[in-house]
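*Asks:* give the three-dimensional model of this entry:
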Amino acid sequence: MNKFKPIPLLIIFFAIVFSSCNSKDTIPLIFDTDANNEIDDQHALAYLLFNQNSFDIKGITVNSTTNGGNINKQYEEAKRVMQLCDYYKKIPLLKGANGSFRDNENDLKNPDFDGHSAINFIIAEALKYSPKKKLTLLAVGKLTNVALAVKKEPFILPNIRLVWLGSNYPESGEYNLENDIDSINFLLQTDIEFEIVTVRYGKLSGTDFVKVTREEVDAKMTRLGRKINSPVIGRHGGEFFTFGEYSKSLFDNTPFYGDPPTRSLFDMAAVAILKNPSWAQPSFISAPLILNNKWVNQQGKSRKVKIWENFNRDLILKDFYEVLTDGK
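*Replies:* Now for the predicted structure:
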């Protein structure tokens with residue numbers, strides 16, 4: 001009869017230490033996107049989906065901005081990307097608001113209010129968290145869904161960290177901002193943890209700087225992602241079996257700007273700096289408001305908002321290509 005041989009305590013100790021040193025907490029996150037607006041949302045979503053070692057993705061919610069059609073169009077484009085990355089039906093995808101914060105803020109007691117599926121989902125997920133372990137809301141379009149969720153259930157405020165890709169702060173303007181200024185001002189007057197990932201068109205300090213050339217697209221994009229079994233019909237037609245093939249189609253149907261011609265991947269950079277905050281520079285400002293299309297300080301408001309700027313284009317794109325190549 002074999003006798004049981006106890007495992008030496010020293011071996012157990014080192015096994016526990018080794019395991020703890022090699023474990024990495026993932027970031028619990030909901031991704032809120034106007035997926036059909038242009039082409040950066042799709043690349044941000046694919047990059048997020050292939051970064052499961054860094055993110056615990058609770059769900060994808062969509063909103064509708066002035067480009068890209070109504071909420072159904074936005075939903076269908078997010079669905080395409082999730083299918084191409086082989087994550088459709090594995091992660092919830094929900095429709096948010098078609099209209100603005102002002103259109104919907106007084107209708108939240110109606111069970112079928114505009115965007116109820118996504119907004120109720122955000123609330124339900126946020127209530128599972130706490131001020132010590134927050135749920136990150138990464139919003140890369142207008143802030144309508146987030147603002148309506150907070151308006152409907154203020155108890156979620158201490159449980160969420162809002163990271164928003166938007167604005168040219170401290171200058172005026174920017175697409176995501178202008179699509180629903182009321183939602184931004186509402187949130188900035190609450191105590192929500194608020195971070196702004198700047199855009200700054202034409203400047204080196206915003207996510208506009210994280211851009212690719214036609215040559216990069218031709219050389220690298222088509223090789224990205226894993227092959228799926230059934231093709232997905234793209235928004236410009238055609239059948240696609242990988243995200244990389246679809247990426248090339250999106251770029252082929254999108255104008256490039258500048259000399260040399262380039263296209264920015266704003267939203268993808270927002271995902272990147274959540275994964276590795278060293279790829280941008282944060283600073284803090286007093287929580288502002290937007291009045292008459294200009295940023296102004298809130299009188300008597302002491303809380304701070306984090307601003308992200310000066311993005312490391314080379315490291316962000318390097319990781320993007322590596323992650324989606326490994327996705328095969």
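
*Asks:* for the stretch 151-300 of the chain, just list every one of the helices.
*Replies:* Ranges of helices within the stretch 151-300 of the chain are 175-179, 181-188, 214-220, 243-252, 266-275, based on DSSP state H, counting those that start in this stretch.

*Asks:* among the ones you listed, which comes closest to A97?
*Replies:* Nearest to A97 among the helices of the stretch 151-300 of the chain is helix 181-188; the distance by CB to CB comes to 9.4 Å. Every residue, glycine included, has its C-beta placed from N, CA and C.

*Asks:* by contact count, what packs against the closest one?
*Replies:* Secondary-structure packing of helix 181-188 (3 or more CB pairs under 8 Å, 6 or more residues apart in numbering; DSSP states H and E): helix 101-104, helix 144-152, strand 288-291.

*Asks:* closest to I123 out of these?
*Replies:* Closest approach to I123 among the helices and strands packed on helix 181-188 (CB to CB): helix 144-152, 5.2 Å.

*Asks:* how much space between N63 and N276?
*Replies:* Going from N63 to N276 by CB to CB, to the nearest Å gives 27 Å.

*Asks:* which one of the two has more residues nearby?
*Replies:* Neighbour totals were compared for N63 and N276, and N63 leads with 32 against 13 (other CB atoms under 10 Å).

*Asks:* mind jotting down where the helices sit in the stretch 1-150 of the chain?
*Replies:* 9-22, 40-49, 71-84, 101-104, 116-126, 144-152.

*Asks:* mean neighbour count, mean pLDDT and distance to E178 added to those helices, as a markdown table?
*Replies:* Output for the helices of the stretch 1-150 of the chain, formatted as a markdown table (neighbours: other CB atoms under 10 Å; pLDDT from 0 to 100; distance: least, CB to CB, whole Å):
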| stretch | mean neighbour count | mean pLDDT | distance to E178 |
| --- | --- | --- | --- |
| helix 9-22 | 9 | 42 | 45 |
| helix 40-49 | 27 | 98 | 17 |
| helix 71-84 | 22 | 98 | 17 |
| helix 101-104 | 19 | 96 | 13 |
| helix 116-126 | 21 | 98 | 21 |
| helix 144-152 | 27 | 98 | 13 |
